[in-house]
Every structure is written in C-alpha cells, then in structure tokens.
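S.K.: What would the 3D arrangement of this be:
(chains A and B)
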Amino acid sequence: AQSVTQLGSHVSVSEGALVLLRCNYSSSVPPYLFWYVQYPNKGLQLLLKYTSAATLVKGINGFEAEFKKSETSFHLTKPSAHMSDAAEYFCAVNIRDDKIIFGKGTRLHILP
Amino acid sequence: AAGVIQSPRHLIKEKRETATLKCYPIPRHDTVYWYQQGPGQDPQFLISFYEKMQSDKGSIPDRFSAQQFSDYHSELNMSSLELGDSALYFCASSDSRSRETQYFGPGTRLLVL
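M.R.: Next up is the predicted model:
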C-alpha cells in the first residue's frame, strides 16, 4: 500500500532561518509527489510537484524539494523563513493518476 | 487564472438533514475528486469522476452520493447527516492529459448541529 509519512506534526523555526519539513513515502511504483500548503481556514494550494523529471523541484514562495529515490524522501526546504510561511504543509503522493494520499501534515510556526 | 469553485463556502445543518455541495472544475478539466478533511486531520479521498463516470471510490459513506454532469460540474449529496460529518469538503479537478496533478477548491465547511 502507498503511504506518506511526515516527521513532526509541529515545526518551529525563527524568521530568516532554514525551513526543513520532512516527508518519506512508500510506493511500489514510481510515484508522483506533491507538497500542498494550507493557510488557516483556507483551501489547499499546490506548492510544488515531482513527476519524474528533475529531482530538484522548485515551487512557489521560494520553496523547493528534492526527490531522493534511495531514501524514499521528498523533503521540503526554504532557505529563509518568513512570517507569512506559517501554515499547515501536507506532503502527498499520487500513484495511479487518481486519488491523492496525504500525509498527516506539519504545522510550521515562525518565531519572530 | 480560473480556479476550482465550490459552493456554498459554509453550510450549517441539523442532524438527519440533507446537504448538497457543488463543485465547478477549472475550465477544460474533465476529472473531479471529492475529499473530506475532519478537524485537525489530513484530507481523505471520497470519490472521483471522469467524463461523468465514477472512476474511483474511497471512504465515502453509503449516505453520500455524487455525480458529475455534462458540463463537468459535480455535486456531492449527503443525507441523514450526522455530527461526525462536520468537516471541510474539498473538490479538486484535473485534466485527463495530466491527471497526476489535482487543483483544489477553497472547500465547503459543513457544520452539523
């Protein structure tokens, strides 16, 4: 069965510091991987996606993620955190071009 | 750019009532998906449609039904509402030429009292 594991339900970083949100996946076939962001009381916004092209994927708002097959990981990073980055981040996998399976989410807190 | 439209954005119902949620996909998208996100939970897949036919089914209760119409919009019908149905319901759409990427609407927040 396919699954996504996000390490850390809450992550706190200082403004200007590196953001690292961890995601590991389990899949029997090459997956499509995504990061979505959800601001409070808002919908899900696509941050970036990996669809078997370049392993380093750049997204919106300065975020990027690297697909590492050997580690079955797809961690999300941003060099310098901004207060506006505070939100819930979901890693997700799509195996058969159909339903998306989400991780449990990581709430990112930005400390002033 | 046009996005997925969902209506209503907020809905309050009593137990045992019915509710209908509507979803209008991005223009030229032919596939629609429904997800349910409970409080503090990750979104869970309910059901999907492609070209007006059900394509996949997840953890959707028998009390719920959905369909996709000829203009590709979709409706999720929920009957005999229970307190546990209170959640954020997302609709997403994709283009069959690039079905791996789903674009989500803003969601309908349903509160069952």
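
S.K.: list the contacts for the residue nearest to the spatial centre of chain A?
M.R.: Residue closest to the average C-alpha location in chain A (CA atoms, centre = their mean): A:W35, at 3.7 Å. For A:W35, the contact set (CB atoms under 8 Å, 6 or more residues apart in numbering or on different chains) comprises A:21, A:23, A:46-49, A:59, A:63, A:65, A:74, A:76, A:89-92. Where you see a C-beta, it was placed from the backbone N, CA and C, and this is true even at glycine.

S.K.: same check, this time on A:S3
M.R.: Contacts of A:S3 (CB under 8 Å, 6+ apart): A:Y25, A:S26, A:V93, A:I101.

S.K.: Could you pull out the buried residues of the least confident helix or strand in chain B by mean pLDDT?
M.R.: Least confident element among the helices and strands of chain B, by mean pLDDT, DSSP states H and E: strand B:53-57 (a mean of 91). Within strand B:53-57, the residues that count as buried by 16 or more other CB atoms under 10 Å in any protein chain shown are B:S55, B:D56.

S.K.: what's the closest non-adjacent residue to the residue nearest to the centre of chain A?
M.R.: A:L47 (4.3 Å; CB to CB, 6 or more residues apart in numbering or on different chains).

S.K.: isn't A:L21 right next to A:V11, touching?
M.R.: Yes: A:L21 is within contact range of A:V11, at 6.2 Å (criterion: CB atoms under 8 Å).

S.K.: what touches both of these two?
M.R.: A:T106, A:L108.

S.K.: Out of the two, name the residue with the larger neighbour count.
M.R.: Taking neighbours as other CB atoms under 10 Å in any protein chain shown, A:L21 and A:V11 compare with A:L21 leading, 25 against 17.

S.K.: In strands, which of the contacts of A:S3 fall?
M.R.: Using DSSP state E, the members of the contacts of A:S3 that fall in strands are A:Y25, A:S26, A:V93, A:I101.

S.K.: Can you tell me which of those residues are buried?
M.R.: Looks like those have A:Y25, A:V93, A:I101 buried, using 16+ other CB under 10 Å.

S.K.: can you pull up the bridge partners for the closest residue to the last one other than its chain neighbours?
M.R.: I take that to be A:I101. Leaving aside its chain neighbours, A:I101 sits nearest to A:V93 (5.2 Å; criterion: CB to CB, 6+ apart). Beta-bridge pairing of A:V93 under DSSP bridges involves A:L33, A:I101.

S.K.: what's the burial count for the nearest residue to B:P106 once chain neighbours are set aside?
M.R.: Among residues not flanking B:P106 along the chain, A:G43 sits closest, at 4.0 Å (CB to CB, 6+ apart). By the criterion of other CB under 10 Å, A:G43 has 22 neighbours.

S.K.: How about the contacts made by A:G43?
M.R.: With CB under 8 Å, 6+ apart, A:G43 has these contacts: B:F90, B:F104, B:G105, B:P106, B:G107.
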